[in-house]
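K.L.:
predicted model and sequence follow; I will ask about them next.
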Number of protein chains: 2
Amino acid sequence: MTKRFTIRQLADEFDVTTRTLRFYEERGLLNPTRVNTTRSYSSADRTRLRLILRGRRLGLSLEESSAIVLMYDPTSANTDQLNTLIAKIREKRAQLLQQQNDLELMLLDLNDAEERCLDALSAEPAHQA
Amino acid sequence: MTKRFTIRQLADEFDVTTRTLRFYEERGLLNPTRVNTTRSYSSADRTRLRLILRGRRLGLSLEESSAIVLMYDPTSANTDQLNTLIAKIREKRAQLLQQQNDLELMLLDLNDAEERCLDALSAEPAHQA
DNA sequence: CCAACAGTTGACGTTTACGTAAACGTACAT
DNA sequence: ATGTACGTTTACGTAAACGTCAACTGTTGG
């Protein structure tokens, strides 16, 4: 029997609120089964949550994350769907590569900014002496 | 005399609406001078806009981008302000490094997903024959 | 038994980042 | 002088991603 999780366990593990998990479910991103009315999450749910939150940190919308999550299981797609899927994947990859570039530029900028701050700091104390 | 830009030039160059530029100004991110009532943007404004949009592509909020833009000129800060600035810079860098990691993982995942799609595609046509 | 606590479903509130429409000024080509 | 093309302000509208009640249920320790 593969591991199961309560809403609180997942919320605590990933540092999100239970509201967030219910919201993701409402949007079809998670699919917990019910024990009576109480949600029970599978490892697959947990994995999807991990992917969604990764997407979130990258600035993706829920819909985008949703799309990406769906890309992981192409088994039930027909030829047309597969082709659109591949197109989406390539588009998303292009976006991520652009983002990677932005990211490196911003890191360089931050290095510069820090250096300027440190310079200013070593010049500043004179004002106070 | 350094180059100046109209709102339309910047909007077209960066593919944003004029509304967006006015909104950024309202939030203190841009500071165009006025010729009569009409906005005139400096190269510095243009640079800041570039930074803001870069931040946007990385999923930063305007407030975060704003903070980063302000980090670029530490000349008028006192020791305390400089120290908080440095702290912010390091925090943001940590965040970006995390993001860089997320990004690479997602790129790997997309490669996998694409491969699965291609596999499915080469298996599929049998259904149609 | 019963209080306390975790879970549930609505439903409305909030913030961010603009979109959109109204109502107006200015300039220039026809 | 008129249209039309661009600019302005003011203000209300909107979509996304939750936050925050309210009102209720299920269950577990004392």
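P.N.:
Happy to help now that I have it. In this text the structure is predicted, and so the values were computed from the model without any measurement. Residues are numbered from 1 along each chain as shown, chains lettered A, B, ... in the order given.
K.L.:
list phi and psi for the residue lying closest to A:R34 once chain neighbours are set aside.
P.N.:
Using Cβ to Cβ, 6 or more residues apart in numbering or on different chains and skipping residues adjacent in sequence, the residue nearest A:R34 is A:S40, 6.8 Å away. In this view, the C-beta of every residue, glycine as well, is placed from N, C-alpha and C. The phi and psi torsions at A:S40 (degrees, to the nearest 10) take the values phi -130, psi 120.
K.L.:
enumerate every residue touching A:I89.
P.N.:
A:M71, B:L110, B:A113, B:E114, B:C117 (Cβ atoms under 8 Å, 6 or more residues apart in numbering or on different chains).
K.L.:
tell me which helix or strand of chain A sits lowest on mean pLDDT?
P.N.:
When each helix and strand of chain A is scored by mean pLDDT, DSSP states H and E, helix A:125-128 comes last, with a mean of 60.
K.L.:
isn't there a helix covering A:G59?
P.N.:
No. Looking at A:G59 with DSSP: H, G, I helix; E, B strand; the rest coil, it is coil, so not inside a helix.
K.L.:
against A:A120, how distant is it?
P.N.:
From A:G59 across to A:A120, the span is 31 Å (Cβ to Cβ, to the nearest Å).
K.L.:
please apply the same query to A:K92.
P.N.:
The value you get for A:K92 to A:A120, if Cβ to Cβ is used, is 41 Å.
K.L.:
can the host helix or strand of A:L49 be found next to chain B?
P.N.:
Using DSSP states H and E, A:L49 falls within helix A:43-57. Yes. Under the criterion of Cβ under 8 Å from any Cβ of the partner chain, chain B is reached by helix A:43-57 at A:L51, A:R54, A:G55, A:R57.
K.L.:
just the buried ones from those residues?
P.N.:
A:L51, A:R54, A:G55, A:R57 (16 or more other Cβ atoms under 10 Å in any protein chain shown).
K.L.:
of those, closest to DNA strand D?
P.N.:
A:G55 (8.9 Å; Cβ to the nearest atom of the strand).
K.L.:
please name the residues that touch A:G59.
P.N.:
A:Q99, B:R57, B:L58, B:G59, B:L60.
K.L.:
oh sorry, the question was meant for A:T33
P.N.:
Counted by Cβ under 8 Å, 6+ apart, A:T33 has contacts A:R39, A:S40, A:S42.
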